[in-house]
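Q: after the sequence you'll find the predicted model.
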Amino acid sequence: MARISGVDLPKNKRGVIGLTYIYGVGLTTSQNILTGAGIDWSKKVNEWNDDEIAAIRAAISELTVEGELRSQTQMNIKRMMDIGCYRGLRHRKGLPLRGQRTKNNSRTRKGKRKTVAGKKKAVK
């Protein structure tokens, strides 16, 4: 089992897919890494030898991935909230920030429904 950047890569997946389990490495980046290391994309992770794993580690060490990237993202969100920009306010309120409608959908972002009782009619 290959362990790169603190992530155990799945053994039975192709290398190009296995590298995407690392936070910050997508399909295109994994293809570029494998091409740079001279490894066939269809080769499975458990078929990699030590030299190939070392070449992949060297390529990934140049990128910002995993914990460093997560903390960088959180710092960016905190900065937006501190300066009070539109996206920061939406983060603070827990609403979607990329222009989605909120009247009917956006339940993932807003959370479970909070029912508001209707007004009671006055008794005559």
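A: Everything's here; your move.
Q: what sits against residue 21?
A: 7, 9, 10 (Cβ atoms under 8 Å, 6 or more residues apart in numbering). Every C-beta, even on glycine, is put in place using the N, C-alpha and C of the backbone.
Q: please look at the last one and residue 45 and confirm they touch.
A: Going back to what we said before, that points to residue 10. Yes. The criterion here is Cβ atoms under 8 Å, and residue 10 meets it with residue 45 at 6.5 Å.
Q: separation between the most centrally placed residue in the chain and residue 97?
A: Among the residues of the chain, the one closest to the centroid is residue 23, at 5.9 Å (Cα atoms, centre = their mean). Distance, residue 23 to residue 97, using Cβ to Cβ, to the nearest Å: 21 Å.
Q: before we move on, what about residue 38?
A: Taking Cβ to Cβ as the measure, residue 38 falls 41 Å from residue 97.
Q: tell me which of those two has more neighbours.
A: The residue with more neighbours, out of residue 38 and residue 97, is residue 97; 15 against 9, by other Cβ atoms under 10 Å.
Q: after the helix or strand hosting residue 90, next one along is what?
A: According to DSSP states H and E, residue 90 maps onto helix 86-93. Using DSSP H and E, the next helix or strand after helix 86-93 towards the C-terminus is helix 107-110.
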